[in-house]
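Novice: Make a model of this:
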Amino acid sequence: MVGGREVGASDEALLALALALIPRVEGIMGEAQLILDELRLFAEPPITRPPYEQHGGWSVGEAHRRMRQVEYLVVHHEGGPDSPEGSSALAINRWQRGTLGYAGIGYHIIIERDGRIHEGRPLWAVGAHAMGFNSNSWGVCLIGNLSLTSPTPEQMVSLRWVLRWLGQQAPGARIVGHGEINNTACPGSNLDVAALRADQ
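Specialist: Numbering: from 1, shown residues only. Predicted coordinates for the structure are as follows:
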């Protein structure tokens, strides 16, 4: 009895038909959701390149090897022991070229404490920032020691923009902290890399 009346053979047939249709309806809904997800990807406007300061003299152009397919976006901090606030992109460039003998700064993008973004190595060039992963990753460095202090709000705005834009240039590239691929405390305990991945 359903709703105060006897269930007849016709009702049972309708119920059986409805139950049989449920998997098919669920399948159609699943396919529709996939189509909607794909359309949403096309509907989202492309992310514009962040405005960054370019320094042609920071990189020894043809001395660099060309990048392979980019699989990782590696996040670093400056990590200098002298000051939690760190130094500057210019100071890193001078140290890496002058003291370490690099053919140009090792990071591809550097973000100052005030959120200003600097171009380091060109994106086509192999970096010098993550041993064993330089030929298939782009390196992004935040100024400051993020084991001793937190990134500034301005840095985080710029970092998220940079990572989303880089992810658009290299679809499928995974955001990782330097310490996830090399034995190091970089990019510091005050930067939540998992949250950055969730934002991607």
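Novice: care to break the chain down by domain?
Specialist: 1-44, 54-199 (automatic domain parsing).
Novice: which of those domains sits most buried?
Specialist: The highest average neighbour count among the domains of the chain, using mean count of other C-beta atoms under 10 Å, belongs to domain 54-199 at a mean of 18. (Glycine included, C-beta is placed from N, CA and C.)
Novice: pLDDT on it, on average?
Specialist: Averaged across domain 54-199, the pLDDT comes to 88.
Novice: That one: end-to-end distance?
Specialist: Counting by C-alpha to C-alpha, to the nearest Å, you get 27 Å between the two ends of domain 54-199.
Novice: How about stretch 132-151?
Specialist: Termini of stretch 132-151 sit 27 Å apart (C-alpha to C-alpha).
Novice: and that stretch, how far out from the chain's middle?
Specialist: Distance of stretch 132-151 from the chain centroid (C-alpha atoms, centre = their mean, to the nearest Å) equals 12 Å.
Novice: Looks like I117 contacts L159 (just checking).
Specialist: No: between I117 and L159 there is no contact under C-beta atoms under 8 Å: 9.1 Å.
Novice: So for the two, which residues contact both of them?
Specialist: Listed contacts common to I117 and L159 are I111; contacts here mean C-beta atoms under 8 Å, 6 or more residues apart in numbering.
Novice: Roughly how far does L166 sit from Y52?
Specialist: Going from L166 to Y52 by C-beta to C-beta, to the nearest Å gives 12 Å.
Novice: Right, I'll leave it there.
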